[in-house]
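> output the structure for:
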Amino acid sequence: MKGVLNHSVFLIELLHCSPRSKKYMGLWHEIERLPTHFVSGQCVTEKYTLQENGWITLTTMERLDNGSLQSYQGELVPTHLNVTATLQYRSALPFKSIPEMAEFSFVPYIILSTDYTSYSLVYSCFQRRIFSLNGVEYAWIMSRERHLPENVINQLHEILEKYNIQADEMVKTPQENCPKNT
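Take a look at the predicted model:
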């Protein structure tokens, strides 16, 4: 495996690569994340499916503590025609259980780095309230496999730190003894 793309090179390449491409579609396993209010289980996966209208269906699956499987579905759409790695996410269900998200129909969903075949680094940030300066940050390290080499994780942490995102707060997502359909 090659090393993680230098983030400055990746930013230049944003104009030339599309997460809507068939290379990015498919199943990704969550390796690490900044803590969230909505997904906290084990065996978390994200499945990206390109729709005919150009939007992407994002289906998240997790195994809860009681062993049951829970899925969530939403949509992704590019925010700018020339910067396709910057997307917006809209949940299929209102975020009633997450008060800070209830007032938004779309939230940013930015692919900071990917090689399409082994790793992806995704980031999201938004204000909790319209007139508040407090923001909420989310970040995910994902892999096509249930595990990712530690050196790749460390390189992705370095990218987060370059953007002043707290990589030291990332938590590992357990991917052991997972059902085959996740």
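
> top strand in this protein by residue count?
Taking DSSP state E as the criterion, the chain has its longest strand at strand 69-80.

> name the helices or strands packed onto that strand?
Strand 69-80 sits against strand 56-63, strand 83-91, with contacts defined as 3 or more CB pairs under 8 Å, 6 or more residues apart in numbering; DSSP states H and E. Any C-beta I mention is one placed from the backbone N, CA and C, and that applies to glycine too.

> by mean pLDDT, show me the worst of those.
Comparing mean pLDDT over the helices and strands packed on strand 69-80, the weakest stretch is strand 83-91, at a mean of 50.

> can you map out the helices along the protein?
Remark: helices assigned in the chain by DSSP state H are 7-13, 150-162.

> among those helices, which gets the worst mean confidence?
Minimum mean pLDDT among the helices of the chain: helix 7-13, a mean of 35.

> so how far is Lys180 from Leu112?
Using CB to CB, to the nearest Å, Leu112 is found at 30 Å from Lys180.

> give me the more crowded residue out of the two.
Between Leu112 and Lys180, counted using other CB atoms under 10 Å, the more crowded position is Leu112 (22 against 4).

> what confidence value was assigned to the more buried one?
In this model, Leu112 is scored at 89, pLDDT.

> could we number from 6 for the rest of this?
Okay, using 6 as the starting number, the last item reads as Leu117.

> now for the closest residue in space to it that isn't next to it in sequence, how many residues are close by?
The shortest distance from Leu117 to any non-neighbouring residue, by CB to CB, 6 or more residues apart in numbering, is to Leu126 (4.5 Å). Look at Leu126: counted by other CB under 10 Å, it has 27 neighbours.

> with that, I have no additional questions.
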